[in-house]
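[1] make a model of this:
(chains A and B)
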There are 2 protein chains.
Amino acid sequence: MERIKPRTLSGFMELLPAKQAQMERFMQKLRETYSLYGFTALDTPAVEAAEVLLAKGGGETEKQIYRFQKGDSDLALRFDLTVPLAKYVALNYGQLSFPFRRYQIGKVYRGERAQRGRFREFYQADIDIIGDGSLSIINEAEIPSVIYRTFRSLGLEHFVIRVNNRKILNGFYAMLGLSARSGDIMRTVDKLDKIGPDKVRALLCDEEIGLADSEAAEIIRFISIGGSNAEVLAALEGYRGKNELFDTGLDELTTVTSYLADFGVPEANFAVDLTIARGLDYYTGTVYETTMTRHPEIGSVCSGGRYDNLAGYYTDKALPGVGISIGLTRLFYVLSEQGLLSDEPVTAPCDALVIPMGNNLGYSIACATKLRECGVRTQLHCEQKKFKAKLAYADKLGVPFAVIIGGDEEAAGVVALKNLLSGEQQLCTPEDAAEIINKETARRNAGAIIKEN
Amino acid sequence: MERIKPRTLSGFMELLPAKQAQMERFMQKLRETYSLYGFTALDTPAVEAAEVLLAKGGGETEKQIYRFQKGDSDLALRFDLTVPLAKYVALNYGQLSFPFRRYQIGKVYRGERAQRGRFREFYQADIDIIGDGSLSIINEAEIPSVIYRTFRSLGLEHFVIRVNNRKILNGFYAMLGLSARSGDIMRTVDKLDKIGPDKVRALLCDEEIGLADSEAAEIIRFISIGGSNAEVLAALEGYRGKNELFDTGLDELTTVTSYLADFGVPEANFAVDLTIARGLDYYTGTVYETTMTRHPEIGSVCSGGRYDNLAGYYTDKALPGVGISIGLTRLFYVLSEQGLLSDEPVTAPCDALVIPMGNNLGYSIACATKLRECGVRTQLHCEQKKFKAKLAYADKLGVPFAVIIGGDEEAAGVVALKNLLSGEQQLCTPEDAAEIINKETARRNAGAIIKEN
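    Sure thing, here's the model as predicted:
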C-alpha cells in the first residue's frame, strides 16, 4: 500500500491526551461559570455564506478569511463568534427573549502567517448580553463579576480587570477639539505602557498627528491619572460639566464601580484605567481588559466592552449589547508554555485500572462494572501483558489507582486496591474501593487548574 | 447602511436556545458516560491537508468532501472522526500508551444533497480502543456495555444492541464457496428486514448475483436463525468444524455474549443478529447496531465494530481496534421531530430570575451574588420594564423561579421566592431560597433526556 505521511497543519492546535484533559477541564469550568450568570449555550455553524460573514466588510478580515466554493455556493469559515451572533439574533429576533444572554465556545479560523503561538484555528469563549432597543448599565457593571468568578474558578488569584469608558475618552477629546484625530491619538496613547510618556508625547506632536505641545501635555496628564478607583473617579470629577458625553461616561463608570462589592468583586481585582481604549469604532461605553499581575507579558486574557449596534449590517433593529471574549487556545498555549497549568487534577483517562491476575475474568469485569456504577472512571486491562507492564502502563498515563484481582480476591469477594502514588495497598470490597478512589479523585480535581508561581 | 439578509446555510443545524440546552445536556451525558469507561477526550482540527484526509481514497468521500485552497495549501474539512484518529495515532504513536482509548465529539462535513433531516455539518460522537499489534476480545465484549450505559443514561429503556461477527459471515460464505460474491450477497441480505425473505431470495438468484436456488435457500436459512442468544449460538454450533474462520468468529461471539451479565447488560437489551453486516471491507470481527424497539423507523442509532488495521495508509504499524459512532446531530434531530425529547429538565438560561422592585439595586445584586455562590444559575433583570413584563420574560424562557426584592424584603434581609410553575410564593433568606431552588432544579434535571412514548 502506498503510504501518506500523517501530519497536522501548522497553526492548528492538536494536543496529546494529558494536555487535552486539562483543556477539557478548562472549557468545562468556563461553561459552568458562564451558566451561573444565566448565559445560555449557543452553537452556530463553522461554515457560513461568505456574503453573510463579510457583511460588515473590513480589510484584515477579508485577507485572512478561509473562503471557498462548493457547487454554486460561496462559503467561508467564521473568523470570530460575534458576526455569527449578530446573524443569529437578526435571524431569530422574533423567537428570542431580550435581554438575550448567550455564551459560545467554538473554533474560529484566520489564515494568519504561521508563527509560534499564533493559531489559524482557535477557540474563542464569548459571552454577550443583547438588549432590544436599550440595555441597562447594570449589565456593564455585572461583567467584571463574570470575569472575576471565571478566573477565580480556574484558580487564578493575581489578576486585575481594567475598566474604562469610551464616552469618557471621546468626551475628553471633544473637549480639546480633537475628535477628528481621536483615533490616531488613542492608538498612540495605547503604547504608553510599552514606550513611556515621553515617547508618546513625541509621537503625538510629530507630523502625522501634529498636536500642539500643550495639547499633548494635557492628554498625557489625563491618561496618567492613577491611584485607587476612588481617587481616579475623584480626579475625573474635575473635568465634569465641560462635555455632555464625558459626563455620561463618568456617571456610567461611577455606577459600574459602585456595585463592585455587591457583585462580589474585590477592589484589588479591579482598576479604573484610562489607558484602556479597545479599538476604535465598535465599542461605545464600558471597555474591559484583564491582565495577570504576575505575568503582564501575557497581555490581556479577557477583553470586551459595550457596543450600541450588534447587527446593523443585517437589520434595522437597534441591538445594543455588552460582551467579553477569551482567546482560549492562545491563553491555554501560553499558560502551558509558562508552566502555569497545575499537575494536581487527574489527567489520566481513568481513575482506576482493573488488572485481572488469573483465570477470573468474570469477577474482574463485575468489579469494574461495580466501580463504574459508583462513578469511578474505570478501565479494564485484559491484554496479554505481564503484570509489570500493566503497572507501567498505569504509571505512564498517571492513573492514580490499580485494582488488582486474583483468585484469592475473588474467593473473598474483595479487590486489592493499590494507590499508585503512595504505593499503599489494601484489600477491600469494590464498594469501599470506589469510595476511597472517589474521595482522592475529588480532592485532586478540586485543585486549581491555573497554578501561579 | 446597505443590509445583507441574514441566513444560515441549508443542511447546517442551528438551534434555538431551549433546544440547544437539550443538545448540551445530551453531549454532557455522552462525555460523562464515555469517561466512565476510561476513554480520554480528543480534539483534532476540523481542517486538514487534503492529501492526508484522502489518503484512503474512496469514491463517495471524494465527491462529498469540502476541499479548498488557501495560499499554496490544498485543504479539506474532515468528513468523519476515524481518519483524523488514524492520523493522530500514526503521528503520535511513540507518545501514546496502548491500548489507546479515546472519545471524540466533533463536527464533520459532507456536501450531501440538501434534504430534510440530512446535514452537511453534523456532530459525530465516537469512541475507539486501539491496540498496538493486538487487542483482546474483551474489548469487543465491553462495547455493548458502553452502548447500554450511554442510552440508559439518556433515559432510553427500549433498545436492542444487535451484534454479529464478520468472521462468522465470511466463514459461512467460504463454506458455500461464495467468498468472491460475499460482498454482493451481504448487501442483498441486508435488505431482509425491508423486503422480506422471498424478495431477497429472488435477488440472490437474479442475473447479477446468479446463485443457485439451493445456495440462496441455504443463505436464507442461515440468516433467519433466530431466538434467544443461547438458541442462536446453539444453532451456529451446528456449522462448527467446516471453516476455521467461522469457528474463530463463533468463539468470539460466544465470548462477547458470555460476559454480558458481568458487564451489566441485561439480556433484553442485547441480541445476536446474523443479518447485521456493517459495510464490506473495514470491519473484521464483532459488529454492532443499536435500534430503538419502539421506533424501528429511526434505524441504527449507534453502530460500529472491530477492525484490524486503523491506519494502514499512514503507517506500517499494525493497529487493530474496535469502535462505535453515534450520529449525534441526526439522532437529536429525529428525536426532536418525533417529540421524544423530554421537557422535564430545565432548558431556561437560568434557574432564578432576580427582579428588583424599587430603589434597592445594591441589595438585589448582593442577593444574586449569594445565589450564585450557592450554585444557582441566576439572572438579574434590571431593565426598565414593568414587573408584569419581567414575569412574562421568565415565563417565556421557562425560568422556574422568580426572586422578587422590594424595600420590605431588604429591610427584613429576605427575598420573596416565587415558584413560577406552582405559583407558590414565600419569604425566605437568600440561602434558604438557594436550597429550595437547587433541590427543585436537581429533581427536574435528574429526569430522562429521551422520553419514550
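[2] from here on, just use CA atoms for contacts and neighbour counts.
    OK.
[3] right, and the helix or strand after the helix or strand harbouring A:Asp247?
    In this structure, A:Asp247 is located in helix A:244-258 according to DSSP states H and E. Moving toward the C-terminus from helix A:244-258, the next helix or strand (DSSP H and E) is strand A:270-272.
[4] flag every residue of the stretch 351-453 of chain A that's near chain B.
    Contact residues, the stretch 351-453 of chain A versus chain B (CA under 8 Å from any CA of the partner chain): A:351, A:362-363, A:365-366, A:368-369, A:372, A:375-379, A:382-384, A:393, A:396-397.
[5] give the buried subset of the residues you listed as a ChimeraX selection command.
    Under the burial definition 16 or more other CA atoms under 10 Å in any protein chain shown, those of those that qualify are selected in ChimeraX by:
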select /A:351,362,363,365,366,368,369,372,375,376,377,378,379,382,383,393,397
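[6] residue contacts, A:Ile143?
    A:Gly323, A:Ile324 (CA atoms under 8 Å, 6 or more residues apart in numbering or on different chains).
[7] could you give the bridge partners of A:Ile450?
    Counting by DSSP bridges, A:Ile450 forms beta bridges with A:Leu341.
[8] okay, now A:Gln95: neighbour count?
    A:Gln95: 11 surrounding residues under other CA atoms under 10 Å in any protein chain shown.
[9] same deal with A:Gly38?
    24.
[10] ok, now A:Glu289?
    Residues lying near A:Glu289 (other CA under 10 Å) number 25.
[11] which residue is the nearest non-sequential neighbour of it?
    A:Ser303 (4.4 Å; CA to CA, 6 or more residues apart in numbering or on different chains).
[12] could you do A:Ala318 as well?
    Nearest residue to A:Ala318 in three dimensions, chain neighbours excluded: A:Gly133, at 4.9 Å (CA to CA, 6+ apart).
[13] mind listing residues that contact the longest helix along chain A?
    Counting residues, the longest helix found in chain A (DSSP state H) is helix A:17-36. For helix A:17-36, the external contacting residues (CA under 8 Å, 6+ apart) are A:41, A:103, A:105, A:125, A:127, A:146, A:149-150, A:153-154, A:332, A:341, A:347-348, A:397, A:449, B:40-43, B:349-350, B:372, B:375-378.
[14] filter those residues down to the ones in strands?
    Per DSSP state E, strands hold the following members of the contacts of helix A:17-36: A:Ala41, A:Tyr103, A:Ile105, A:Ala125, A:Ile127, B:Thr40, B:Ala41, B:Thr378.
[15] do any residues in the helix holding A:Asp247 lie close to chain B?
    No: if you take CA under 8 Å from any CA as the test, helix A:244-258 misses chain B, and the best it gets is 8.9 Å.
[16] what residues does that helix touch?
    A:137-138, A:140-142, A:164-172, A:229, A:233, A:236-237, A:240-241, A:285-286.
[17] can you read off the pLDDT for the single nearest residue of the stretch 351-453 of chain A relative to chain B?
    Ranking the residues of the stretch 351-453 of chain A by distance to chain B (CA to the nearest CA) places A:Arg377 first, at 4.0 Å. Here the pLDDT value assigned to A:Arg377 is 98.
[18] so how many other residues sit close to the residue lying closest to it once chain neighbours are set aside?
    In this structure, A:Arg377 finds its nearest non-sequential neighbour in B:Leu36, 4.0 Å apart by CA to CA, 6+ apart. For B:Leu36, the count of nearby residues is 25 (other CA under 10 Å).
[19] equivalent analysis for A:Cys374, please.
    Look at A:Cys374: counted by other CA under 10 Å, it has 17 neighbours.
[20] distance check, it against B:Thr188.
    45 Å (CA to CA, to the nearest Å).
[21] cool, A:Val146 as well?
    Taking CA to CA, one finds A:Val146 at 59 Å from B:Thr188.
[22] between those two, tell me which one has more neighbours.
    Neighbour totals were compared for A:Val146 and B:Thr188, and A:Val146 leads with 20 against 17 (other CA under 10 Å).
[23] residues contacting the residue of the stretch 351-453 of chain A closest to chain B?
    Neighbour list for A:Arg377: A:Pro349, A:Cys350, A:Asp351, A:Ala352, A:Leu371, B:Ser35, B:Leu36, B:Tyr37, B:Gly38 [criterion: CA under 8 Å, 6+ apart].
[24] of the residues you listed, which pair is most distant in space?
    Distance extremes for these: the farthest pair is A:Pro349 and A:Leu371 at 14.9 Å, using CA to CA.
[25] look at these two and report which has more neighbours.
    Between A:Pro349 and A:Leu371, counting by other CA under 10 Å, A:Pro349 is the more crowded of the two (28 against 25).
[26] and that one, backbone torsions?
    The phi and psi torsions at A:Pro349 (degrees, to the nearest 10) take the values phi -70, psi -20.
[27] contacts for stretch A:274-287 next, please.
    Applying CA under 8 Å, 6+ apart, the contact partners of stretch A:274-287 are A:140, A:162-167, A:169, A:183, A:186-187, A:189-190, A:192, A:222-225, A:249, A:252-253, A:288-289, A:303-308.
[28] which ones among those residues are found in helices?
    Members of the contacts of stretch A:274-287 lying in helices (criterion: DSSP H): A:140, A:166-167, A:169, A:183, A:186-187, A:189, A:192, A:222-223, A:249, A:252-253.
[29] from the residues you listed, list just the buried residues.
    A:140, A:166-167, A:169, A:183, A:186, A:189, A:192, A:222-223, A:249, A:252-253.
[30] turn those into a markdown table, including distance to A:Thr82.
    Below are these laid out as a markdown table (distance: CA to CA, whole Å):
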| residue | distance to A:Thr82 |
| --- | --- |
| A:Glu140 | 18 |
| A:Arg166 | 20 |
| A:Lys167 | 22 |
| A:Leu169 | 24 |
| A:Gly183 | 22 |
| A:Met186 | 23 |
| A:Val189 | 27 |
| A:Leu192 | 29 |
| A:Phe222 | 32 |
| A:Ile223 | 30 |
| A:Gly249 | 24 |
| A:Glu252 | 24 |
| A:Leu253 | 25 |
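[31] pull the most distant pair out of those.
    Distance extremes for those: the farthest pair is A:Glu140 and A:Leu192 at 25.7 Å, using CA to CA.
[32] in the stretch 51-200 of chain A, which ranges drop under the pLDDT threshold?
    Scanning the stretch 51-200 of chain A for pLDDT under 70 picks out the ranges A:58.
[33] flag every residue of it that's near chain B.
    If contact is defined as CA under 8 Å from any CA, the residues of the stretch 51-200 of chain A in contact with chain B are A:51-52, A:55, A:66, A:68-70, A:87-88, A:90-91, A:97-98, A:101, A:111, A:121, A:135-136, A:138.
[34] those residues, buried ones only, as a ChimeraX selection?
    The buried residues among those can be selected in ChimeraX (16+ other CA under 10 Å) with this line:
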select /A:51,52,55,66,68,87,88,90,91,97,98,101,111,121,135,138
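[35] just flag the most distant two among the ones in helices among the contacts of stretch A:274-287.
    Longest distance between any two of those is 25.7 Å, between A:Glu140 and A:Leu192; criterion CA to CA.
[36] would you map out the domains in chain A?
    A:11-158+A:294-341, A:168-262, A:352-445 (automatic domain parsing).
[37] okay if I get those as TSV plus distance to B:Leu16?
    TSV is the format used below for the domains of chain A (distance: least, CA to CA, whole Å):
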stretch	distance to B:Leu16
domain A:11-158+A:294-341	8
domain A:168-262	31
domain A:352-445	32
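[38] closest residue of the stretch 151-300 of chain A to chain B?
    For the stretch 151-300 of chain A, CA to the nearest CA, closest residue to chain B: A:Asp262, 4.5 Å.
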